[in-house]
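Chemist: I would like to see how this sequence folds:
(chains A and B)
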Amino acid sequence: GDSVTQMEGPVTLSEEAFLTINCTYTATGYPSLFWYVQYPGEGLQLLLKATKADDKGSNKGFEATYRKETTSFHLEKGSVQVSDSAVYFCALTVTGGGNKLTFGTGTQLKVEL
Amino acid sequence: SQTIHQWPATLVQPVGSPLSLECTVEGTSNPNLYWYRQAAGRGLQLLFYSVGIGQISSEVPQNLSASRPQDRQFILSSKKLLLSDSGFYLCAWSATGFEQFFGPGTRLTVL
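Modeler: The predicted model follows:
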């Protein structure tokens, strides 16, 4: 079946540091890939997406590139802020069957001054 | 624009009591609807999804059930809550079938 693997957290960084959160996937079809962010006590918000190989999703300074050859969709940001502290989820969906999302377990990011 | 509502925001219930959580979507027609549960410190588990009125697919056997009485209304229910039902319940919708949009969630504590 489909699956998403994310790096274990928590990840603790100083403000303005470079961020990478690794995400790899296994899928039977041609998935669309997503990063969602969850701030404390809230629901999930879509951060960015990519629907085909070599697409780069970007939003709010975050980027991720759909790498079919390595089945990866790593999240990056050049300079994190304290306000980026949240849990980040990588997810995929394959067309059909209700278009269900398969999530990774989430990576908590803590950014300190 | 589309919005999704969930209520209540928080709920504390005794073991063995019934449950009803409601989710409604505005600004779209015939959305796919989803119920997820997030246990403390863990990822999201898909519980149910629906592609139309009265069409419910269950992903995980459990003592919960879901219903979709109207196009944009999705209800999560239980006749008797268990301690293990505690968690953060999230409703989501999708239109084109790719990205899903999530509600604010309901935090359920079963004592």
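Chemist: hey, let's count contacts and neighbours off CA atoms from now on
Modeler: Will do.
Chemist: what pLDDT does A:Glu42 get?
Modeler: Per-residue confidence (pLDDT) for A:Glu42: 87.
Chemist: count of neighbours near it?
Modeler: Residues near A:Glu42, counting by other Cα atoms under 10 Å in any protein chain shown, number 16.
Chemist: how about the nearest residue to it, chain neighbours excluded?
Modeler: B:Pro104 (5.5 Å; Cα to Cα, 6 or more residues apart in numbering or on different chains).
Chemist: so that neighbour makes contact with A:Pro40?
Modeler: No: shown here, B:Pro104 and A:Pro40 do not form a contact pair, counting by Cα atoms under 8 Å, at 11.0 Å.
Chemist: neighbour count winner among the two?
Modeler: B:Pro104 (20 against 10).
Chemist: where does the more buried one land in three-state SS?
Modeler: When classified by DSSP: H, G, I helix; E, B strand; the rest coil, B:Pro104 comes out as coil.
Chemist: what about it, distance to B:Ala9?
Modeler: 8 Å (Cα to Cα, to the nearest Å).
Chemist: likewise for A:Thr24?
Modeler: In terms of Cα to Cα, A:Thr24 sits 33 Å off from B:Ala9.
Chemist: out of those two, which sits in the busier spot?
Modeler: When neighbours are counted by other Cα under 10 Å, A:Thr24 comes out ahead of the other of A:Thr24 and B:Ala9, with 20 against 14.
Chemist: in the strand or helix carrying that one, what counts as buried?
Modeler: Secondary structure from DSSP states H and E places A:Thr24 in strand A:23-26. Applying a neighbour-count criterion of 16 or more other Cα atoms under 10 Å in any protein chain shown, one finds A:Cys23, A:Thr24, A:Tyr25 buried in strand A:23-26.
Chemist: give the bridge partners for A:Thr93, please.
Modeler: Applying DSSP bridges to A:Thr93 yields these beta-bridge partners: A:Ser32, A:Leu101.
Chemist: how many neighbours does it have?
Modeler: Residues near A:Thr93, counting by other Cα under 10 Å: 26.
Chemist: returning to what we had before: ok, and what's touching the strand holding A:Thr24?
Modeler: Contacts with strand A:23-26, where a contact means Cα atoms under 8 Å, 6 or more residues apart in numbering or on different chains, come from A:1-7, A:70-75, A:90, A:92.
Chemist: give me the distance from the helix-or-strand element of chain A with minimal mean pLDDT to the chain's centre.
Modeler: Within chain A, no helix or strand scores below strand A:101-103, which has a mean of 89 by mean pLDDT, DSSP states H and E. With Cα atoms, centre = their mean, to the nearest Å as the basis, strand A:101-103 stands 11 Å off its chain's centre.
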